[in-house]
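Q: Using only what follows, build the 3D model:
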Amino acid sequence: MLLIGALLILIPLLAFLQYHWIGQVGAAEHMRLQENLDAATRRFVEDLRNEFTRIAAVFQPGVSDSWTDPEDRLARSFDQWGRTTSYPELIERIFVTDFSTADEPQIMEFDLRSESLSAAEWPAGLEGLRDRGFPHPPRPGDIDSLQTGKLRLAIPVPTADTGREYLFEFPQSAMDWTIVELERDRVTEELLADLADRHFESTTYAVGIVEAQDRSTAIYLSDEHVSIRELELPDVAFELFAPSGGRPGRGGFGSPSRRRGRERGQQDPGDLSSAVLGTPGRRGGRGAPPAIMLGASWKLVAKHRSGSLENAVSEIRNRNLAISFGTLLLLGIAGSMIVIWAERVRSAGRLQMEFSAEVSHELRTPLAIIRSAAHNIENGVVVKPEEIQEYAGMIGEQGRRLSDMVDQVILFAQTESGRRNYSLEPVSIHDVVRLATGTLAPLLDDAHCQVRTLIDPDLPPVLADPTALALCVQNLLSNAVKYGRSEEGTSITIQAVRDDESDNVRLSIGDRGPGIDPDDLPHLFQPFYRGHKVPGETHGNGLGLRLVKRIIEGHQGRVTVSTENGQGSCFTLHIPKGATS
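A: Take a look at the predicted model:
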């Protein structure tokens, strides 16, 4: 009881603590996942910007070669970039603007194969910039007009000596532009795919690049099985090339919008506002204006594959709760089983002590009779032949009683240990009943017991060990004689019928006694158990019904009991039918 009380107090306390701790672990896990996702986003954006910055740095001339032959400069820059990049097919076309004639700005295309410049028409999407003129960057409202499916990088080129320094503010006549047009498919299929695989766990997150103004347009999806709709509420969203309304050099590559306390899907991965295209001070200069990304209003979105970070943490939390509470449940069950087992051991120990005392008493009576008869014969008290014969019969009867008791104890030990083997064969119920009643004939006669046998003449044989089955019938008959006595005497009915539903034969032994106490019914087939209301003069050791149950179960059958107060009891053996010839 103390152990049960301790468990009742300890397990709820542990459950509360586990719930509280797992909640804290869930919050920490959510923070860890969010930080990891923010860090992956920062690395992705930094590497993507660095790749474009590398292009800008290679094609942005230094002070010493700003006014050299542009054809030679572009050839050397393109060769240098091809030798240092991991994506040599990223550049599709290169243009150079000429604003020396204010009335009619010109544009020339650099042939990547012949490494020569030639006059060209202004490409679609650059007319507005041609009309507005450089170096002014595009305003946010100009982005839609620039979407022509082309991804271009505008790199400033000074056209006049300004004291061997790049300044942030050039007059329009002092600056031209190198426009590098990128192969859009290469950017998405190679660059974006490589960066997504490098920085995001493909089995954990779905990553996409979408148009910032129109999220229904996907630029890149990390998984072909992920639809753009599934990324509508991402765990993180970040504009890659947010246009700036300021002058070049003040966020020309774009700055991420930092919004605290935003809704889910608008997480801030960190401050990257200082990332601009171009390398200030390259080749001896300083203060070089940044390059401008044209035709790319992109937003990076990433979402946990479970639906959201909250769902992922919730799954982890639920799993941990299930494991924890399952462990506590097992602990409670184990503790309860220990208590039940200890109680059963204590009860079995008590029953064994009672059994030992009962067996000792049972053995003492026949031994006393045998010793008394032997003493009378030895000392000449009994000399007449008829007396000697009577004493001999008495000794034989008590000897058989002792032998039956020893056999019953041995049989009990064999059945409990599973060492008892049965020789199953087709057996007639008539023969079994005849054998059992013949063996118990003296007991039945002494008790003046009336035995009525009702056996179906067409009853099929059963598959059983005849000796073991007869022993079961004997035990049930013996119990009926002991406990089935009524005021009218002892009356026993043996009935055997076919059970077509279960393909068994039901063999029933019933009496007209007082019946079995309801409190004793759950314990009838326990070893060493005897009813609380059994008269003290009734002999028995509590093994008979246990043996019956074990033997019938060894025959793949079962035993049932029905009783009614004052109307008697009936034990039924359900025995499988044997094969008929």
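Q: For the residue most central in space within the chain, give its distance to residue 325.
A: Centroid-nearest residue in the chain: residue 319, 7.4 Å away (criterion: CA atoms, centre = their mean). Per CB to CB, to the nearest Å, residue 319 is found 11 Å from residue 325. C-betas here are computed from N, CA, C, even on glycine.
Q: before we move on, back to that, any idea how far residue 312 is from the residue nearest to the centre of the chain?
A: Residue 319 is 11 Å from residue 312, by CB to CB.
Q: Give me the three-state assignment for the residue nearest to the centre of the chain.
A: helix (DSSP: H, G, I helix; E, B strand; the rest coil).
Q: And the helices in the stretch 51-200 of the chain, which stretches?
A: 70-84, 127-132, 143-146, 184-186, 193-199 (DSSP state H, counting those that start in this stretch).
Q: now those helices in TSV, with mean pLDDT, distance to residue 452 and mean neighbour count?
A: As requested, the helices of the stretch 51-200 of the chain are exported to TSV (pLDDT from 0 to 100; distance: least, CB to CB, whole Å; neighbours: other CB atoms under 10 Å):
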stretch	mean pLDDT	distance to residue 452	mean neighbour count
helix 70-84	88	111	16
helix 127-132	66	116	14
helix 143-146	42	106	15
helix 184-186	87	100	14
helix 193-199	91	89	17
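Q: Report all helices and strands that the helix or strand encompassing residue 36 contacts.
A: Using DSSP states H and E, residue 36 sits in helix 2-59. Secondary-structure packing of helix 2-59 (3 or more CB pairs under 8 Å, 6 or more residues apart in numbering; DSSP states H and E): helix 70-84, strand 151-158, strand 175-182, helix 193-199, strand 236-239, strand 298-304, helix 309-378.
Q: for the ones you listed, which one sits closest to residue 565?
A: helix 309-378 (25.5 Å; CB to CB).
Q: Now do the closest one: which elements does it pack against?
A: helix 2-59, helix 385-417.
Q: Most tightly packed of those helices?
A: helix 2-59 (a mean of 16; mean count of other CB atoms under 10 Å).
Q: How far off centre is it?
A: 21 Å (CA atoms, centre = their mean, to the nearest Å).
Q: same check, this time on stretch 487-497
A: 59 Å.
Q: same thing with stretch 210-224?
A: 35 Å.
Q: next one: stretch 434-449
A: Using CA atoms, centre = their mean, the offset of stretch 434-449 from its chain centre is 63 Å.
Q: and what of stretch 495-510?
A: Using CA atoms, centre = their mean, the offset of stretch 495-510 from its chain centre is 47 Å.
Q: Report the buried residues of that stretch.
A: In terms of neighbour count (16 or more other CB atoms under 10 Å), stretch 495-510 has its buried residues at 495, 496, 497, 504, 505, 506, 507, 508, 509, 510.
Q: Closest one to residue 92 out of these, please.
A: Relative to residue 92, and with distances defined as CB to CB, the nearest of these is residue 504, at 87.5 Å.
Q: In this structure the closest one contacts residue 572, no?
A: No: applying CB atoms under 8 Å as the test, residue 504 and residue 572 come out as separate, 10.1 Å apart.
Q: And for the residue nearest to residue 511 when sequence neighbours are not counted, the neighbour number?
A: Excluding the flanking residues, the one nearest residue 511 by CB to CB, 6 or more residues apart in numbering is residue 484, at 2.7 Å. For residue 484, the neighbour count with other CB atoms under 10 Å is 23.
Q: Could you list which residues are in contact with residue 484?
A: By CB atoms under 8 Å, 6 or more residues apart in numbering, residue 484 lies in contact with 490, 491, 492, 511, 512, 513, 568, 569.
Q: Torsion angles phi and psi at it?
A: Dihedral pair for residue 484: phi -100, psi 20, per degrees, to the nearest 10.
Q: Okay, it and residue 449: tell me how far apart.
A: Counting by CB to CB, the gap from residue 484 to residue 449 is 9 Å.
Q: Spit out the residues that contact those two alike.
A: What both residue 484 and residue 449 touch, as defined by CB under 8 Å, 6+ apart, is the set 490, 491, 492.
Q: Model confidence score at the closest residue to residue 321 other than its chain neighbours, please.
A: Closest residue to residue 321 apart from its sequence neighbours, by CB to CB, 6+ apart: residue 22 at 5.6 Å. Looking at residue 22, its pLDDT is 83.
Q: correct me, but residue 22 touches residue 324?
A: Yes: between residue 22 and residue 324 a contact is recorded at 6.4 Å, counting by CB under 8 Å.
Q: Tell me the residues that contact both of those two, please.
A: By CB under 8 Å, 6+ apart, no residue touches both residue 22 and residue 324.
Q: List the buried residues of stretch 564-577.
A: So, applying 16+ other CB under 10 Å, buried residues of stretch 564-577: 568, 569, 570, 571, 572, 573, 574, 575, 577.
Q: what residue of this protein is the furthest out?
A: residue 384 (87.2 Å).
Q: Return the residues in contact with residue 75.
A: residue 115 are the contacts of residue 75 under CB under 8 Å, 6+ apart.
Q: how close does it get to residue 228?
A: For residue 75 relative to residue 228 (CB to CB), the value is 42 Å.
Q: Determine the set of other helices and strands touching the host helix or strand of residue 474.
A: Assessed by DSSP H and E, residue 474 sits inside helix 466-483. If you count contacts as 3+ CB pairs under 8 Å, 6+ apart, helix 466-483 packs onto strand 425-427, helix 429-439, helix 441-446, strand 491-499, strand 504-511, helix 544-554, strand 568-576.
Q: helices and strands around the first one, which ones?
A: By that I understand strand 425-427. strand 462-464, helix 466-483.
Q: To residue 353, which of the ones you listed lies closest?
A: Nearest of those (CB to CB): helix 466-483, 22.3 Å.
Q: Check which residues of the closest one are buried.
A: 466, 468-483.
Q: For it, the averaged confidence score.
A: Rounded mean pLDDT across helix 466-483 is 88.
Q: Now do it against strand 568-576, angle only.
A: Using axes from the mean of the first three to the mean of the last three CA atoms, to 10 degrees, the inter-axis angle of helix 466-483 relative to strand 568-576 is 170 degrees.
Q: Please state the offset of helix 466-483 from the chain centre?
A: 53 Å.
Q: Please export the C-alpha coordinates of it as CSV.
A: The C-alpha trace of helix 466-483 is given here as CSV (Å, rounded to 0.1, in the frame of the first residue of the first chain):
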residue,chain,number,x,y,z
PRO,A,466,-8.4,-41.9,-21.5
THR,A,467,-6.6,-42.1,-18.2
ALA,A,468,-6.2,-38.3,-17.8
LEU,A,469,-9.8,-37.6,-18.9
ALA,A,470,-11.1,-40.2,-16.5
LEU,A,471,-9.1,-38.6,-13.7
CYS,A,472,-10.9,-35.3,-14.5
VAL,A,473,-14.3,-36.9,-14.2
GLN,A,474,-13.2,-38.6,-11.0
ASN,A,475,-12.2,-35.3,-9.4
LEU,A,476,-15.4,-33.6,-10.4
LEU,A,477,-17.5,-36.6,-9.1
SER,A,478,-15.5,-36.6,-5.9
ASN,A,479,-16.1,-32.9,-5.4
ALA,A,480,-19.8,-33.4,-6.1
VAL,A,481,-19.9,-36.0,-3.4
LYS,A,482,-18.1,-33.8,-0.9
TYR,A,483,-19.8,-30.5,-1.6
